[in-house]
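Student: after the sequence you'll find the predicted model.
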Amino acid sequence: MNTADSHNHLHFRDYRGDREGVLDRACAAGVARMLLVGIDGEDSREAVEVAGTRTGLYASIGIHPQNAGVFSPRDVFSLEGLAARGKVVAVGETGFDLYRTPQSEALQKELFEAHISLARKLSLPLVIHDRDAHAQTLEVLDRCDAWQLGGVFHCYSGDVRMASRILEKGFYLSVPGVVTYKKAEVLREVVRLCPAPSLLAETDAPFLSPAPYRGKRNEPAYMIRTVEEMARIKGVSPEAMGEQVLENFDRLFLSKKRENEGKMEAC
Ligand SMILES: [Zn+2]
Ligand SMILES: [Zn+2]
């Protein structure tokens, strides 16, 4: 299989001891490209650094909504310099997380809007984190006219109706390992109805391992299970699904880069 992991945190400390092994296993499993996603200033710098160590690795720079209050819009703008170092193909993860930190909604909104400004300045797509905050997330994207930037709802957790609204605006939905869990009926229905060219897949590693690895530290090699489940739902071969996901990744994150550099990178 050949595919891409649209969202992970392989630069986290969780992989300090064996990152090379994890990357080798990803490569052997066919995960040809992946996006390492930053959650604060220092963490974004580390994502860019690790992305620089191999071909096929890219980074997204941003401050996670759970870190609103600790970091300000000013910190978001200070990430701009990282983009100049290459390998940065997106801004985020950004949006709202009202599951764990509902009290900071106003600060999260401010931070989200700063990310949209940065993405506009850098002409990069957005990596959206939306947990228990569908209405708030859509409101900001509408009001800031941010759809035109392009982007992805990572770890998609909305229903079919919301999905169709997002797809209409040209954004992508990224499917996590959750799709392999028994209770994920709504997500499986979204995958069934969503046109394949708008679907991405992700590990969100080290979190959200797909079955049968649930509860263990996640890694990109496990993503094959997620792609297999998506293929089963869509009634296509796992190879075709993996290839489609890879093509979608390239279209969203690398088309501009390709114009600039004339060629693609794989692990
Ligand atoms: Zn997230
Ligand atoms: Zn994440």
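Tutor: Looks like it arrived, so ask away. Ligands and ions are numbered 1, 2, ... in the order given.
Student: helix or strand: which one has residue 6?
Tutor: Assigned by DSSP states H and E, residue 6 belongs to strand 3-8.
Student: what helices or strands is that strand leaning on?
Tutor: Contact partners of strand 3-8 among helices and strands, from 3 or more CB pairs under 8 Å, 6 or more residues apart in numbering; DSSP states H and E: strand 31-37, strand 151-154, strand 172-175, strand 199-201, helix 223-234, helix 238-249. C-beta coordinates here come from the backbone N, C-alpha and C atoms, glycine included.
Student: nearest to ligand 1, out of these?
Tutor: When these are compared by CB to the ion, strand 151-154 sits nearest ligand 1, at 5.5 Å.
Student: the closest one vs ligand 1: in contact?
Tutor: No. Applying CB under 5 Å from the ion, one finds strand 151-154 separated from ligand 1 by no less than 5.5 Å.
Student: what is that strand packed up against?
Tutor: Against strand 151-154 (3+ CB pairs under 8 Å, 6+ apart) you get strand 3-8, strand 88-97, strand 126-131, strand 172-175.
Student: okay, those, which one's buried deepest?
Tutor: Comparing the helices and strands packed on strand 151-154 by mean neighbour count (mean count of other CB atoms under 10 Å), strand 3-8 comes out on top with a mean of 30.
Student: CA atoms of the helix or strand following that one as PDB?
Tutor: Downstream of strand 3-8, the first helix or strand assigned by DSSP H and E is helix 19-29. Output of helix 19-29 as PDB, limited to C-alpha atoms (Å, rounded to 0.1, in the frame of the first residue of the first chain):
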ATOM      1  CA  ARG A  19      11.700   7.700  16.300                       C
ATOM      2  CA  GLU A  20      13.900   6.300  13.600                       C
ATOM      3  CA  GLY A  21      12.400   2.800  14.100                       C
ATOM      4  CA  VAL A  22       8.900   4.300  14.000                       C
ATOM      5  CA  LEU A  23       9.700   6.100  10.700                       C
ATOM      6  CA  ASP A  24      11.200   3.000   9.200                       C
ATOM      7  CA  ARG A  25       8.100   1.000  10.000                       C
ATOM      8  CA  ALA A  26       5.900   3.700   8.500                       C
ATOM      9  CA  CYS A  27       7.900   3.700   5.400                       C
ATOM     10  CA  ALA A  28       7.800  -0.200   5.200                       C
ATOM     11  CA  ALA A  29       4.000  -0.100   5.700                       C
END
